[in-house]
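> Everything below, folded, please.
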Amino acid sequence: CTYLNMKKLLSLLLVASLVTACVKDGVDGGAPSVDAPSDKIFYASENAAEGRLLVKLDAPTEDFGIEGMEITAEPLFGGKPDATLDKWLPVSFDESLTNAEVAAALANDSRVVRVEYDLPLKRIEGKRVPMPESRPEATRSTDYPFNDPELPYQWHYNNDGLLGGDQYEECVPGADINLFNAWKYTAGDNRVIVAVIDGGIMTNHPDLADNLWVNEAEKSGTPGVDDDNNGYIDDIHGYNFFRDNGTITADEHGTHVAGTISAVNNNNYAVSGIAGGTGNGDGVRLMSLQIFENNESCYSREIARAFQYAADNGAILTNNSWAYKSGAYSGDSEYKLYDGVLQDAIDYFEKNAKLEGVMDGGLSIFAAGNEGSDVPGYPSAYYKNISVSAMSPDYTAACYTNYGYGVNVCAPGGELNYGTMFGISSTSINLTYGYEYMHGTSMASPHVTGCAALAVCYALKQGYSLTSDELRTLILTSVHDINKYQSGTKYFY
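Purely as a prediction, here's the structure:
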């Protein structure tokens, strides 16, 4: 193993409403190929999908083909019309043709602006551990705002140096998101929708079901029919972009992330969620946009479609625990040059997501990555997004977290190397307990997303309005410096 020099870590902690994220899930592949046969061809990679390319035209068209080559082209984005997204086409072709052959032919067409290989993105998995055989019995007091039995163990919300009533040197008071103070002002609002772009959320989980976004037209409509004409069939709680259908399959990672954002509060079951409401149907709504299943990769075209879906169907925040491998891009300029389809989709969400009268524009929050690297990961480090690193319950950088240039804030991500209870406790697909402990930047990012959701909830309550830029600035300035805690070394596992 290698070690992380803690002095190099940029560590910022969101307070009162804004902090925490568990590592983002990583992507396959290294740096883009700069030796492409044409300046129109980007990211030629052996890891790309075979028999499929992504093409951007100079103008939308309903009839696109290449003379002498049998290809199939159709619109990539099927939602609301958009001058930029409507230029993208996925082009598929027979396996007798290679990606390079078809890319070269496409690049020679004057209508084609760029050709991109369709790349796989993989999660950087958050570490999980079995439930402890025993732990201190929780001591409850009137200081706990909700009756969820796991709340005394969720140090990441309110760290007083105790876990369940016992003192631990690994817990430093204040190493949290100061959530109890934020809950004095608001605990949620069901008009706010957060899209979780991850593995699928367990839709029948007792601590999540009541806070799921519901597409009422599809729920009460005819199975197999696009009842609301949004381009997606049977999308009741979101959409499964991995399988291209409306059936969300329960995923351990996506379910854990969702609980941190908006597990139902005050229901005397399992955990509390940052914006999970007060138990009166007032929690932030979770939209499940599934891009992973088991350990299989999703591709950039499916992920891009998820951002358009989120904007078109009411989400104003997205939480993301995935990325390209650290170092795949050296900075924003290289990212903008090579990754056109994802950049256009994220920009579409940032521009078009809205909550009428309150929020103008959307904000995407990403886990920074679990590689222990000071090299930026993308799209997390893209300037329009918020990139979240992870800290331990003693304010120190978590052993796995990415850090440095491109990372914006730090939030609790847990440190299971200290012991099980020092991870992040949130919802689990295993209903024996209904919750489990994990750590990673994927666990940190939903803390920031949940706090951002609370900020919008409070704006609703007070009659304020925000732009996405204003919300981003609010998050980045609602922090305090924890650099004094960063000294010595910590081993990276």
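> ok, and the closest non-adjacent residue to the residue positioned nearest the centre of the chain?
With distances taken as Cα atoms, centre = their mean, residue 320 lies nearest the centre of the chain, 1.3 Å away. In space, residue 320 comes closest to residue 366 once its chain neighbours are excluded; the distance is 4.6 Å by Cβ to Cβ, 6 or more residues apart in numbering. Any C-beta I mention is one placed from the backbone N, CA and C, and that applies to glycine too.
> Can you spell out which helices and strands pack onto the helix or strand encompassing that neighbour?
The secondary structure element spanning residue 366 is strand 363-367 (assigned by DSSP states H and E). In terms of contacts (3 or more Cβ pairs under 8 Å, 6 or more residues apart in numbering; DSSP states H and E), strand 363-367 is packed against strand 317-320, helix 340-352, strand 386-391, helix 441-462, helix 468-477.
> CA atoms only: put that strand into CSV for me.
Below are the C-alpha coordinates for strand 363-367, written out as CSV (Å, rounded to 0.1, in the frame of the first residue of the first chain):
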residue,chain,number,x,y,z
LEU,A,363,-26.5,21.7,-9.9
SER,A,364,-24.6,18.4,-10.2
ILE,A,365,-22.6,17.1,-7.2
PHE,A,366,-19.9,14.4,-7.7
ALA,A,367,-17.7,12.2,-5.5
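> that older thread, doesn't residue 385 make contact with the residue nearest to residue 320?
Yes. Residue 366 lies in contact with residue 385 (Cβ atoms under 8 Å); the separation is 5.3 Å.
> Spit out the residues that contact those two alike.
residue 379 (Cβ atoms under 8 Å, 6 or more residues apart in numbering).
> Give me the more crowded residue out of those two.
Remark: of residue 366 and residue 385, residue 366 carries more neighbours, 35 against 21, as counted by other Cβ atoms under 10 Å.
> Next, find the distance separating that one from residue 322.
Using Cβ to Cβ, to the nearest Å, residue 366 is found at 8 Å from residue 322.
> Strands of the stretch 201-350 of the chain, start to end?
Secondary structure of the stretch 201-350 of the chain (DSSP state E, counting those that start in this stretch): strands located at 238-240, 285-292, 298-299, 317-320.
> and residue 66, which of the ones you listed is closest to it?
Across the strands of the stretch 201-350 of the chain, the minimum distance to residue 66, taken as Cβ to Cβ, is reached by strand 298-299, at 22.0 Å.
> I'd like to know the average pLDDT value across the closest one.
Across strand 298-299, pLDDT averages out at 89.
> gap between it and the chain center?
Taking the mean of its C-alpha atoms, strand 298-299 sits 15 Å from the chain's own mean (Cα atoms, centre = their mean, to the nearest Å).
> A strand includes residue 417, no?
No. With DSSP: H, G, I helix; E, B strand; the rest coil as the criterion, residue 417 is assigned helix and is not in a strand.
> Without its sequence neighbours, what residue ends up closest to residue 423?
Counting by Cβ to Cβ, 6+ apart, residue 423 lies nearest to residue 437, which is 3.5 Å off, once chain neighbours are set aside.
> Please look at the one you found and residue 127 and confirm they touch.
No. Between residue 437 and residue 127 no contact is recorded; they are 9.2 Å apart, counting by Cβ under 8 Å.
> Compare neighbour counts for these two and give me the winner.
The neighbour comparison of residue 437 against residue 127 (other Cβ under 10 Å) goes to residue 437, with 25 against 20.
> Okay, and the beta partners of the more buried one?
Note on residue 437: beta-bridge partners by DSSP bridges are residue 129, residue 425.
> Contacts only, for the residue nearest to residue 423.
Counting by Cβ under 8 Å, 6+ apart, residue 437 touches 128, 129, 131, 414, 416, 420, 421, 423, 424, 425.
> buried subset of those?
Using 16 or more other Cβ atoms under 10 Å as the burial test, those include 128, 414, 416, 420, 421, 423, 424, 425 as buried.
> so residue 196 bridges to which residues?
Under DSSP bridges, the residues paired with residue 196 across the bridge are residue 288, residue 319.
> dump the residue contacts of the residue lying closest to residue 114 once chain neighbours are set aside.
Spatial nearest neighbour of residue 114, chain neighbours left out: residue 56 (4.8 Å); criterion: Cβ to Cβ, 6+ apart. Remark: with contacts taken as Cβ under 8 Å, 6+ apart, residue 56 is in contact with 87, 88, 89, 112, 113, 114, 115, 116, 340, 341.
> related to what we said a few turns ago, so which of the strands of the stretch 201-350 of the chain is the most surrounded?
Comparing these by mean neighbour count (mean count of other Cβ atoms under 10 Å), strand 317-320 ranks first with a mean of 32.
> So which residues of the stretch 101-250 of the chain form helices?
Counting by DSSP state H, counting those that start in this stretch, one finds helices in the stretch 101-250 of the chain at the ranges 179-182, 216-219.
> Of all those helices, which one comes closest to residue 408?
With distances scored as Cβ to Cβ, the stretch of the helices of the stretch 101-250 of the chain nearest to residue 408 is helix 179-182 (19.3 Å).
> Tell me the buried residues in that closest one?
Residues 179, 180, 182 are the ones in helix 179-182 that count as buried (16+ other Cβ under 10 Å).
> so the strand holding residue 366 versus helix 468-477, what angle?
Using axes from the mean of the first three to the mean of the last three Cα atoms, to 10 degrees, the interaxial angle of strand 363-367 with respect to helix 468-477 works out to 40 degrees.
> Adjacent strands (with direction) for strand 363-367?
Strand 363-367 has the following sheet partners, assigned by DSSP bridges: strand 317-320 (parallel), strand 386-391 (parallel).
> Restricting to C-alpha, output the last one in PDB.
The C-alpha atoms that make up strand 386-391 are tabulated as PDB, following Å, rounded to 0.1, in the frame of the first residue of the first chain:
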ATOM      1  CA  ILE A 386     -19.100  20.400  -7.200                       C
ATOM      2  CA  SER A 387     -16.500  17.800  -6.400                       C
ATOM      3  CA  VAL A 388     -16.500  16.300  -2.900                       C
ATOM      4  CA  SER A 389     -13.600  14.700  -1.000                       C
ATOM      5  CA  ALA A 390     -14.000  12.700   2.200                       C
ATOM      6  CA  MET A 391     -13.000  13.100   5.800                       C
END
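> Can you name the element that comes right after that strand?
Once the chain leaves strand 386-391, the next helix or strand it forms, by DSSP H and E, is strand 409-412.
> That following strand: how far from the chain's middle?
So, by Cα atoms, centre = their mean, the centroid of strand 409-412 is 14 Å from its chain's centroid.
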